[in-house]
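In: Curious how this folds, go ahead:
(one chain, ligands or ions: 1)
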Amino acid sequence: MGTEGGLKRGFWSIGQLDREVAESLLERARRHAKGPRRSDVLQGVEIAALFFETSTRTRVSFEVAATRLGATMLHFDSKSSSLSKGESLHDTVETIASFGVDGMVVRSSAAGAPQLMADWTGLKVVNAGDGAHQHPSQALLDLYTLSERRGSPEALSGLRVGIVGDIAHSRVARSLMEGLDLFGAEVTLVGPATLMPPVGFRPATRVTSDFDECLGDLDVVYLLRLQQERIGQGLIPSFEEYVARYSLTRERYRRLRSGVVIMHPGPVYPGMEVDSAVIAAESSLVRSQTRNGVFVRMAILEAVFGDGVLA
Ligand code: NCD
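Out: Numbering: from 1, shown residues only. Here you go, the predicted model:
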């Protein structure tokens, strides 16, 4: 690959990127963060937003991003659509495509749906989260936020990142692991064995079920929400037990290295995966993650729907 031209059919997975393309997207995002708020590079482009699962940050930041680039985002409300009358996903997507839009931003509970939709319609599709599979715009905004904090993407090399919690059901963890790998960061997955992905999924990654044991080794603690909508019964003994072993409590926070940063994709469930005081602490990048989502999504939309020229 090597150019953003590889995104001309859409952006479904971090696996579509090599380091050079990932860096050029981060650079584009940086220019949006520093540059004028609005431009007209995507003037006249129409993008349908299809969110079959709930979303606040991702949906709104894609909308803000599209608006700032001059594109129009058209909303499709899955609850009031014919899907609720039993229409198939295929027919729904074909209907939307027949209106002549240029592409779609899609969130779906079905892994692989965004790429399938691109194949069905020939339209450009951007993945805003598909099942437990991928959430590539989230991974890029996390990489952006970490690079901003460390001074450059190069500074991610050797960074020790602990991703904590429900890894098995997390599209955020899957995408982020791949993204961090592109930049040479070292990932430790922390959580109960029942919430880990299958053995061999990431052979180079360290895996532990003992959060306390690795606390002092981490430069970044990335917390995940328990994906209760995807968790089967019996994967954790109880919420109390989960909090006792895996929550970033104030007491655990005090044992972290100085200079450590805390991240979370949101929505946060305070008192479960993290104490609310920790989320509000100076070392928490949660607000920056949300803010940077707009700049990174501008970069993604521009690369997919715009000229595809390297930054
Ligand atoms: C994540 C998602 O929906 O995958 N949230 C987000 O996009 N900001 C993570 C989550 O729901 O836990």
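
In: List the buried residues of stretch 182-202.
Out: Neighbour-count burial for stretch 182-202, counted by 16 or more other C-beta atoms under 10 Å, picks out 182-183, 185-192, 195-197, 202. Heads up, the C-betas are built off the backbone N, CA and C, glycines and all.

In: Residue 254: which of the residues you listed is nearest?
Out: residue 190 (17.7 Å; C-beta to C-beta).

In: wait, doesn't the closest one sit right on residue 212?
Out: No. The criterion here is C-beta atoms under 8 Å, and residue 190 misses it with residue 212 at 9.8 Å.

In: For the residue in the stretch 201-311 of the chain that the ligand sits nearest to, grab the count of nearby residues.
Out: Going by C-beta to the nearest ligand atom, the ligand is nearest to residue 225 of the stretch 201-311 of the chain, at 3.5 Å. For residue 225, the count of nearby residues is 19 (other C-beta atoms under 10 Å).

In: got the buried residues of stretch 182-202 as a markdown table, with secondary structure and pLDDT columns?
Out: Listed next are these as a markdown table, based on DSSP: H, G, I helix; E, B strand; the rest coil; pLDDT from 0 to 100:
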| residue | secondary structure | pLDDT |
| --- | --- | --- |
| 182 | helix | 96 |
| 183 | coil | 97 |
| 185 | coil | 96 |
| 186 | strand | 95 |
| 187 | strand | 95 |
| 188 | strand | 95 |
| 189 | strand | 94 |
| 190 | strand | 96 |
| 191 | coil | 95 |
| 192 | coil | 94 |
| 195 | helix | 92 |
| 196 | coil | 91 |
| 197 | coil | 84 |
| 202 | coil | 61 |
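
In: Which ones, among these, also lie beside the ligand?
Out: With C-beta under 6 Å from any ligand atom as the criterion, these include none near the ligand.

In: in this protein, which spans are helices?
Out: Secondary structure of the chain (DSSP state H): helices located at 19-34, 57-68, 89-98, 113-121, 136-150, 171-182, 211-214, 239-246, 250-254, 276-279, 286-305.

In: Export those to JSON lines and append columns for distance to residue 77.
Out: Below are those laid out as JSON lines (distance: least, C-beta to C-beta, whole Å):
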{"stretch": "helix 19-34", "distance to residue 77": "28"}
{"stretch": "helix 57-68", "distance to residue 77": "11"}
{"stretch": "helix 89-98", "distance to residue 77": "12"}
{"stretch": "helix 113-121", "distance to residue 77": "17"}
{"stretch": "helix 136-150", "distance to residue 77": "21"}
{"stretch": "helix 171-182", "distance to residue 77": "23"}
{"stretch": "helix 211-214", "distance to residue 77": "40"}
{"stretch": "helix 239-246", "distance to residue 77": "33"}
{"stretch": "helix 250-254", "distance to residue 77": "40"}
{"stretch": "helix 276-279", "distance to residue 77": "31"}
{"stretch": "helix 286-305", "distance to residue 77": "21"}
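
In: right, so of those helices, which gets closest to residue 231?
Out: helix 239-246 (10.8 Å).

In: Alpha carbons of the closest one, in PDB - could you do that?
Out: Only the C-alpha atoms of helix 239-246 are listed here, as PDB (Å, rounded to 0.1, in the frame of the first residue of the first chain):
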ATOM      1  CA  PHE A 239     -19.300  -7.000  39.500                       C
ATOM      2  CA  GLU A 240     -17.900  -6.700  43.000                       C
ATOM      3  CA  GLU A 241     -15.300  -9.300  42.200                       C
ATOM      4  CA  TYR A 242     -14.400  -7.500  38.900                       C
ATOM      5  CA  VAL A 243     -14.100  -4.200  40.700                       C
ATOM      6  CA  ALA A 244     -11.900  -5.700  43.400                       C
ATOM      7  CA  ARG A 245      -9.400  -7.200  40.900                       C
ATOM      8  CA  TYR A 246      -9.500  -4.900  37.800                       C
END
